[in-house]
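J.: Using only what follows, build the 3D model:
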Amino acid sequence: METTLILIKPDAVSRKLIGEIVSRFESKGLTIRAMKLIRMSSELADKHYAEHVSKPFYPELKAFMTGSPLVALAVAGPDAISLCRKMMGATKPADAAPGTIRGDYATVVTENLVHGSDSADSAKRELALWFTEAEYAC
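T.: So this is what the prediction gives:
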């Protein structure tokens, strides 16, 4: 059993896709352990995207992610990390397969609807930024 962080990004929230995205994870048999609608602070953005802070695209990414609310989820299940990433689809929407979240709903790479932890180490680090362990340890 793994738990991973999923962010339903501001573009998905503004397009009213929260229910559709959550439903996909639940329909797959995954469990939502914690969920909150939140506006990412500048400080949280810098911690969450620490590996990108010095990159040229980061100011645009930070402005997008902090500009309006998003939904943070702790999603649990067998192989949840890899399963969620497959369900999200390729980062670049043009490469995302139909049937994936990005393949069905995203159009541009800078606003690709969802984020998911890419490894167990990332999931542990990212979950700790967004939730206390008591919030998602059921």
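
J.: From I81, how far off is F25?
T.: 12 Å (CB to CB, to the nearest Å). C-beta coordinates here come from the backbone N, C-alpha and C atoms, glycine included.

J.: Repeat that for M65.
T.: Distance from M65 to I81, by CB to CB: 21 Å.

J.: Neighbour count: F25 and I81, which is higher?
T.: More crowded of F25 and I81, by other CB atoms under 10 Å: F25, with 23 against 20.

J.: excluding its backbone neighbours, what's nearest that one?
T.: Once flanking residues are discounted, F25 sits nearest to V75: 5.5 Å by CB to CB, 6 or more residues apart in numbering.

J.: shouldn't the one you found be in contact with I8?
T.: No - in this structure V75 lies outside contact range of I8 using CB atoms under 8 Å: 10.9 Å.

J.: who has more neighbours, these two?
T.: Each of V75 and I8 has its neighbours counted (other CB under 10 Å); V75 has more, 28 against 24.

J.: Need the pLDDT of the more buried one.
T.: With respect to pLDDT, V75 has a value of 98.

J.: Can you tell me the SS state at it?
T.: Secondary structure, DSSP: H, G, I helix; E, B strand; the rest coil: V75 is strand.

J.: Pull up the gap between it and E135, please.
T.: 13 Å.
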